[in-house]
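Peer 1: Provide a 3D model corresponding to the input given below.
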Amino acid sequence: MKIPDNKQVVPGFTASALSIGLKKDKALDLGLIFSEQEAIIAGVFTTNKVQAAPIILTRQHIKNHKGHAIIVNAGNANACTGARGLDDAYKTSSLVANLLNIHPEEVMVASTGVIGQPLDMPLIENALPDLIKNLSKTSIPRVAKAILTTDSFSKLSVRKGYIDEKPYQITGIAKGAGMIMPNMATMLCFVLTDIRIENEQINAALQAAVETTFNRITVDGDTSTNDMVLVMANGMAENRLLTKEHLDSFTKSLEEVMGELAQMIIQDGEGATKVIRIEVKGALTPADAIQAARTVANSSLVKTAFYGQDPNWGRIMAALGRSGVTMDESTVDIWIDDIRIVLHGLGVGPEEEKKAAVRMGQKEFSLLIKLNQGRFQEQILTCDLTHEYININADYRT
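Peer 2: Below is the predicted model of the structure:
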């Protein structure tokens, strides 16, 4: 989605990005986001028990709910790097803070890339003066490029809103293409807004938005060590404090930004050729609905069938059967878009499957599963599994 540079500017925020040699291809790999005014910050982090050093540090710093900066590198995850990795993360925040004349606790740190290798700290330390010197209101797109790893395109989304005729903006950037099943993959997301909002409100809005967007996507079922979503609100819109109605409106806009970024991540799934919306209806419980959808979405057999445009509904039934949800195969109905291929647990016939196969040739289609056990429903966005996914991940380090 191409957005003119002036549309990406958020009042009070500047950004910068450089290529310092952390990536093999010499692309942009170090980024900085700075709020001229102290911002309220909220975050959601990976649930993986193996957590990268930047996650540990930022979890600690964000307890104050306030900050000025996010420093992020790509090409190295600084994960599984022990005490040295944590020291490097803290050193990074201190160096940035000293140069910006702020407190180290006001700097959030994020990393993405190869796991298990120490950061090249001299590269980062030497680059920081130029990184800060180049801070610009129009450089958010450069940071969006700097955080990419196996992504094939930058991900950026913008929304505008009003509080009592006072305009505010939300701009979000994200990266992610593989190791994606956020359960809050390798996924990073930074959202900037000039709205004036209280800490409890921004946390509530973030939790709600993450649950309906990033927690409803999967590329390959892997949750990263580095997943992080941060929202910074600097209050420069100078709106009055939010009422419930205003908060609901802001939350909706935040969900739209994150939802668009989440869809971009699925579109950019490593080697993906298709985006598939898996909908489960008629589940006995909410937990059953999401579990059934996730199990089907993460099935390698189902995903390769998506790639091959094969309406192999037997694989879908098998995935449902091992998902642990309450079900009876004789009540299951399955559609590809509006084409029913299974009725009461039995195939409808080859003619409908041929129609479904044609529909599966599209870049986007839906898989609808009706369990007919209750009244709950859920959905997950996923993609197909292709030869290219193996090629990308087989030699990711080498």
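
Peer 1: Distance from the longest helix seen in the chain to the middle of the chain?
Peer 2: The helix spanning the most residues in the chain, taking DSSP state H as the definition, is helix 244-267. Put simply, helix 244-267 sits 12 Å off its chain's centre (CA atoms, centre = their mean, to the nearest Å).

Peer 1: same deal with stretch 156-170?
Peer 2: 21 Å.

Peer 1: Contacts for it, please.
Peer 2: Residues from elsewhere that reach stretch 156-170 (CB atoms under 8 Å, 6 or more residues apart in numbering): 1, 3, 7-11, 140-141, 144, 171-173, 191-195, 237-240, 242, 246, 249-250, 253-254, 256-258, 260-261, 264. C-betas here are computed from N, CA, C, even on glycine.

Peer 1: hey, what's Ile173 bridged with?
Peer 2: Counting by DSSP bridges, Ile173 forms beta bridges with Leu156, Phe190.

Peer 1: What separation do you get for it and Gln8?
Peer 2: For Ile173, the distance to Gln8 (CB to CB, to the nearest Å) stands at 9 Å.

Peer 1: Helices of the chain, start to end?
Peer 2: Remark: helices assigned in the chain by DSSP H are 5-8, 53-61, 82-100, 121-133, 140-146, 199-212, 244-267, 286-298, 300-307, 313-322, 350-359, 387-394.

Peer 1: In TSV, list the ones you listed along with mean neighbour count and mean pLDDT.
Peer 2: Converted to TSV, the helices of the chain look like this (neighbours: other CB atoms under 10 Å; pLDDT from 0 to 100):
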stretch	mean neighbour count	mean pLDDT
helix 5-8	14	61
helix 53-61	22	97
helix 82-100	18	98
helix 121-133	15	97
helix 140-146	23	96
helix 199-212	19	95
helix 244-267	20	94
helix 286-298	22	95
helix 300-307	20	94
helix 313-322	18	96
helix 350-359	15	97
helix 387-394	14	74
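
Peer 1: now those in a markdown table, with distance to Tyr162?
Peer 2: Formatted as a markdown table, the helices of the chain follow (distance: least, CB to CB, whole Å):
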| stretch | distance to Tyr162 |
| --- | --- |
| helix 5-8 | 16 |
| helix 53-61 | 31 |
| helix 82-100 | 31 |
| helix 121-133 | 33 |
| helix 140-146 | 22 |
| helix 199-212 | 16 |
| helix 244-267 | 9 |
| helix 286-298 | 34 |
| helix 300-307 | 41 |
| helix 313-322 | 45 |
| helix 350-359 | 41 |
| helix 387-394 | 43 |
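
Peer 1: Which among these is found nearest to Arg375?
Peer 2: Proximity to Arg375 (CB to CB) singles out helix 286-298 among those, at 9.6 Å.

Peer 1: Okay, domains of the protein per the record?
Peer 2: 5-267, 275-394 (automatic domain parsing).

Peer 1: Quick check, Val50 in contact with Cys80.
Peer 2: Yes. Counting by CB atoms under 8 Å, Val50 does reach Cys80; the two are 6.7 Å apart.

Peer 1: Show me whatever sits in contact with both of those two.
Peer 2: Joint contacts of Val50 and Cys80 (CB under 8 Å, 6+ apart) are Thr225.

Peer 1: of all the helices of the chain, which lies closest to Val219?
Peer 2: It's helix 244-267; of those, that one is closest to Val219 (CB to CB) at 6.7 Å.

Peer 1: was I right about Ser16 contacting Leu131?
Peer 2: Yes. At 5.1 Å, Ser16 counts as touching Leu131 under the criterion of CB under 8 Å.
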